[in-house]
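> Fold the stuff below for me.
(one chain, ligands or ions: 1)
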Amino acid sequence: MVRKKLIAGNWKMNCLQAEGIALAKEVAAKVKAQKFDCDFLICPPFTLLGAIKKCLRGTKIALGAQDVHFAEKGAHTGDISSLMLTDLGCTYTIIGHSERRVDHFESNELINKKAVAAHQAGLNTVICIGETGEERDAGKTIKVCQDEIDGSVPNDATAKNTVIAYEPIWAIGTGKTPTAADVEEVHAAIRKALTKKLGKATANKMRILYGGSVKPSNAAELLSLPDVDGALIGGASLKAEDFINIAINSTK
Ligand code: PEP
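Model prediction:
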């Protein structure tokens with residue numbers, strides 16, 4: 001099954017306006033300058049979405065947010081709805097990132113609810129899952145991922161509206177990565193869990209990204225694995241050259 005790779009940048013809580021606009025313009029120019037056989041997504045902080053949308057005009061780069069609320073509107077101080085995101089030109093949102101699961105105590109149930117609301121509003125989701133270092137040491141990686149797929153991925157998920165990102169928490173921002181064999185083993189197990197939940201046809205088409213210290217030097221190895229369909233990139237997405245070199249190396 002050929003799945004088009006998705007190269008996605010998660011800018012997290014970085015970049016003021018001038019910095020973010022300059023970065024988006026540089027990425028846009030580099031993407032326009034050559035032919036890529038992959039899809040691109042960048043997810044800046046909420047404050048920059050409107051400005052970055054303008055920088056991406058005329059490119060194939062999709063715009064995404066880093067979270068969303070499940071309600072359509074109303075008394076949810078500080079939150080952002082799916083319709084607010086689509087109104088700004090977003091076509092994706094990340095949900096269930098480990099930094100939200102940990103810092104904001106987000107549960108699988110909440111993430112599932114957010115995904116349903118996003119899909120109903122026409123937003124695609126990147127649903128993040130992954131084990132802690134302790135869970136990995138205890139041999140629980142696959143069980144944790146299966147449980148997170150079961151709990152976080154809604155029954156309405158399709159290969160079009162949902163992308164899974166496997167992000168071992170101990171690999172995020174640490175420079176450490178699992179071995180290629182470990183990554184492939186977990187991705188294959190995730191696809192099996194998706195098959196059980198959504199059926200073979202959907203699971204075979206659904207993209208499963210790897211995230212956690214992806215950089216130009218390890219992209220070729222990690223992204224050539226059979227069940228790895230792209231990358232969710234944190235730190236390296238803040239440098240246009242690194243982000244683009246990951247895309248170049250991953251489609252070699
Ligand atoms: C992330 O947080 O989504 C991530 C993968 O970060 P980094 O690439 O910096 O490890």
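> Contact residues of the stretch 1-150 of the chain facing the ligand?
residue 10 (C-beta under 6 Å from any ligand atom). For the C-beta atoms, the positions are set from N, CA and C on the backbone; glycine is no exception.
> which parts of the stretch 151-252 of the chain sit against the ligand?
Within reach of the ligand by C-beta under 6 Å from any ligand atom, the stretch 151-252 of the chain has these residues: 167, 172-173, 211-214, 232-236.
> any idea which of these is closest to residue 151?
residue 167 (16.1 Å; C-beta to C-beta).
> need the contact list for that closest one.
The contact partners of residue 167, by C-beta atoms under 8 Å, 6 or more residues apart in numbering, come to 97-98, 128-130, 210-212, 232.
> all helices for the stretch 1-150 of the chain, in order.
With DSSP state H, counting those that start in this stretch as the criterion, the stretch 1-150 of the chain has helices at 17-33, 49-55, 82-87, 98-103, 108-120, 133-137, 141-152.
> tell me what the last one is packed against?
In other words, helix 141-152. helix 108-120, strand 124-129, helix 180-198 (3 or more C-beta pairs under 8 Å, 6 or more residues apart in numbering; DSSP states H and E).
> From the chain's centre, how far out is it? Work that out for me.
A distance of 16 Å separates the centroid of the chain from that of helix 141-152, by C-alpha atoms, centre = their mean, to the nearest Å.
> residue farthest from the centroid of the protein?
Outermost residue of the chain with respect to the C-alpha centroid, by C-alpha atoms, centre = their mean, is residue 75; its distance is 28.0 Å.
> pLDDT score for the residue of the chain found nearest the ligand?
Here the chain gets closest to the ligand at one residue, residue 234, 2.2 Å apart by C-beta to the nearest ligand atom. Here the pLDDT value assigned to residue 234 is 98.
> got the phi/psi numbers for it?
Main-chain dihedrals, residue 234, degrees, to the nearest 10: phi -90, psi -100.
> Can you tell me who the closest residue to it other than its chain neighbours pairs with across the strands?
Leaving aside its sequence neighbours, residue 234 sits nearest to residue 10 (C-beta to C-beta, 6 or more residues apart in numbering; 5.1 Å). Under DSSP bridges, the beta-bridge partners of residue 10 are residue 43.
> what's near enough to touch residue 10?
43, 66, 94, 97, 211, 232-234, 237 are the contacts of residue 10 under C-beta under 8 Å, 6+ apart.
> Quick one: low-confidence residue ranges for this protein.
252 (pLDDT under 70).
> related to what we said a few turns ago, to residue 219, which of the helices of the stretch 1-150 of the chain lies closest?
helix 17-33 (15.2 Å).
> That closest one - contacts with which helices or strands?
strand 38-43, helix 49-55, strand 61-65, helix 240-250.
> re earlier: can you get me a residue count around the residue of the chain closest to the ligand?
Neighbour count of residue 234, defined by other C-beta atoms under 10 Å: 20.
> That one and residue 14, how far apart?
Residue 234 sits 9 Å away from residue 14, going by C-beta to C-beta, to the nearest Å.
> re earlier: how about the helices and strands packed on helix 141-152 in JSON lines, adding distance to residue 19?
Converted to JSON lines, the helices and strands packed on helix 141-152 look like this (distance: least, C-beta to C-beta, whole Å):
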{"stretch": "helix 108-120", "distance to residue 19": "28"}
{"stretch": "strand 124-129", "distance to residue 19": "23"}
{"stretch": "helix 180-198", "distance to residue 19": "32"}
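> Need the residues touching each of residue 234 and residue 14.
What both residue 234 and residue 14 touch, as defined by C-beta under 8 Å, 6+ apart, is an empty set.
> The residue nearest to residue 234 and residue 231: what is the separation?
10 Å.
> Next, show the common contact partners of those two.
residue 211.
> In stretch 216-228, which residues are buried?
For stretch 216-228, a neighbour-count test (16 or more other C-beta atoms under 10 Å) marks 216, 218-219, 222-223, 225, 227-228 as buried.
> Check stretch 96-116 too.
96-101, 106, 108, 110-116.
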